[in-house]
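S.K.: sequence below, structure please.
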Amino acid sequence: MGPMDPAYSATTLLLIAGAAVVVLLTLIIAAKMHAFPALVLVSFGTAVAAGVPIGDVADVAGSAFGSTLGAVALLV
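M.R.: Numbering: from 1, shown residues only. Okay, here's the model as predicted:
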């Protein structure tokens, strides 16, 4: 998968990120959803809102979660 051009401006992407934080906190606090599934759900929704094609969302999420877990494993 090659590099992607942003679908939106920086302001729009920041607004999407802010909305994602609000949705995440709402799911965790008000809906009493466990944090990990809420984070995964909001991550997928944010990727779609940011313009990542639906077919690539799973690949992008897998590589992002994998690189994060790899970095945490190196620290531990």
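
S.K.: mind listing what's buried along the helix ranked longest in the chain?
M.R.: Criterion DSSP state H: the longest helix present in the chain is helix 54-75. By neighbour count on 16 or more other Cβ atoms under 10 Å, the buried set for helix 54-75 is Val57, Val60, Ala61. For glycine as for every other residue, the C-beta is placed from the backbone atoms N, C-alpha and C.

S.K.: what about Gly45, neighbour count?
M.R.: 16 (other Cβ atoms under 10 Å).

S.K.: if we can go back for a sec, can you give me how far the longest helix of the chain is from the chain middle?
M.R.: 10 Å (Cα atoms, centre = their mean, to the nearest Å).

S.K.: elements contacting the strand or helix carrying Ala47?
M.R.: Element membership of Ala47 [criterion: DSSP states H and E] is helix 35-49. Packed against helix 35-49, as judged by 3 or more Cβ pairs under 8 Å, 6 or more residues apart in numbering; DSSP states H and E, are the following elements: helix 10-29, helix 54-75.

S.K.: just put those helices in JSON lines and tack on distance to Val40 and mean pLDDT.
M.R.: Converted to JSON lines, the helices and strands packed on helix 35-49 look like this (distance: least, Cβ to Cβ, whole Å; pLDDT from 0 to 100):
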{"stretch": "helix 10-29", "distance to Val40": "10", "mean pLDDT": "96"}
{"stretch": "helix 54-75", "distance to Val40": "8", "mean pLDDT": "81"}
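
S.K.: could I get these as a markdown table with distance to Leu41?
M.R.: Shown next, in a markdown table, are the helices and strands packed on helix 35-49 (distance: least, Cβ to Cβ, whole Å):
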| stretch | distance to Leu41 |
| --- | --- |
| helix 10-29 | 7 |
| helix 54-75 | 11 |
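
S.K.: out of the buried residues of helix 54-75, which one sits closest to Val42?
M.R.: Ala61 (11.2 Å; Cβ to Cβ).
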